[in-house]
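S.K.: Structure, please.
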Amino acid sequence: MSAVAARIAPGSVAELMAQAHAFELEAVERYTELADVMETHNNREVAALFRSLALQEAAHARGLLARMGWTQAPAVARSPDMPPAPALEQAHYLMHPWHALQIALDAEQQAFAFFGGIAQRCGSDPLGDAAREMQEEEREHVALLQAWLQRVPQPPADWADDPDPPRYHD
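M.R.: Predicted coordinates for the structure are as follows:
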């Protein structure tokens, strides 16, 4: 492994799994925030989708704990390479399920690339093998979200037009 890969890649399988666990928990938090925003704006359909995604990420986090035999993941510094959680600033009060799925798909694709980069840098050692396993899980998430996107209609071009927009007074 090169010096650059050694600096960027986690130092052990346990560190990789701790980073993955932290990433899953961050996704749970962000999907829950997105659901709360959607509920505030009475967009219950998208709120329910984000809540479902939060539950799935929480299950992944519990699975990582079980896989490692941990009751609690060790604290780990956030890797600068680690992908961001789903973007809260992409939420719009009139968004459709298609938008929510796009936000989730983007996050999963970034996670796929993150684990793939580690696997590539680490080769066939145990860390690389673990990263490939995590990448395969992310591939499954990407495929699931892409399948969901095929089942929901793409919003019309004017989806963000609000005939009764909020009014703010000074």
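
S.K.: so Phe23 sits right up against Met82, yeah?
M.R.: Yes. Using CB atoms under 8 Å, Phe23 makes contact with Met82 at a distance of 6.1 Å. Using the backbone N, CA and C atoms, a C-beta is placed for each residue, glycine as well.

S.K.: Which one's more surrounded, those two?
M.R.: Phe23 (26 against 18; other CB atoms under 10 Å).

S.K.: For that one, give me the backbone phi and psi.
M.R.: Dihedral pair for Phe23: phi -60, psi -40, per degrees, to the nearest 10.

S.K.: Who are the contact partners of it?
M.R.: Contact analysis of Phe23 by CB atoms under 8 Å, 6 or more residues apart in numbering lists 82-83, 85, 111.

S.K.: Distance check, it against Leu94.
M.R.: Phe23 sits 29 Å away from Leu94, going by CB to CB, to the nearest Å.

S.K.: list the buried ones in stretch 114-125?
M.R.: 114-119, 121-122 (16 or more other CB atoms under 10 Å).

S.K.: Could you do stretch 100-117 as well?
M.R.: 100-112, 114-117.

S.K.: didn't Ala107 look like it was pressed against Met82?
M.R.: No. Applying CB under 8 Å, one finds Ala107 not in contact with Met82, separated by 11.5 Å.

S.K.: Show me the residue at the heart of this protein, geometrically.
M.R.: Ala107 (4.3 Å; CA atoms, centre = their mean).

S.K.: Give me the three-state assignment for that residue.
M.R.: helix (DSSP: H, G, I helix; E, B strand; the rest coil).

S.K.: got the contact list for it?
M.R.: Contacts of Ala107 by CB under 8 Å, 6+ apart are 27, 83-87.

S.K.: export those to TSV and tack on neighbour count and distance to Ser52?
M.R.: Below are the contacts of Ala107 laid out as TSV (neighbours: other CB atoms under 10 Å; distance: CB to CB, whole Å):
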residue	neighbour count	distance to Ser52
Ala27	25	13
Pro83	20	21
Pro84	13	21
Ala85	21	16
Pro86	27	13
Ala87	12	18
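
S.K.: Just the closest of those residues to Glu140, please.
M.R.: Ala27 (15.0 Å; CB to CB).

S.K.: which secondary structure element contains that closest one?
M.R.: helix 13-40 (DSSP states H and E).

S.K.: next one: that helix to chain centre, how far?
M.R.: 7 Å (CA atoms, centre = their mean, to the nearest Å).
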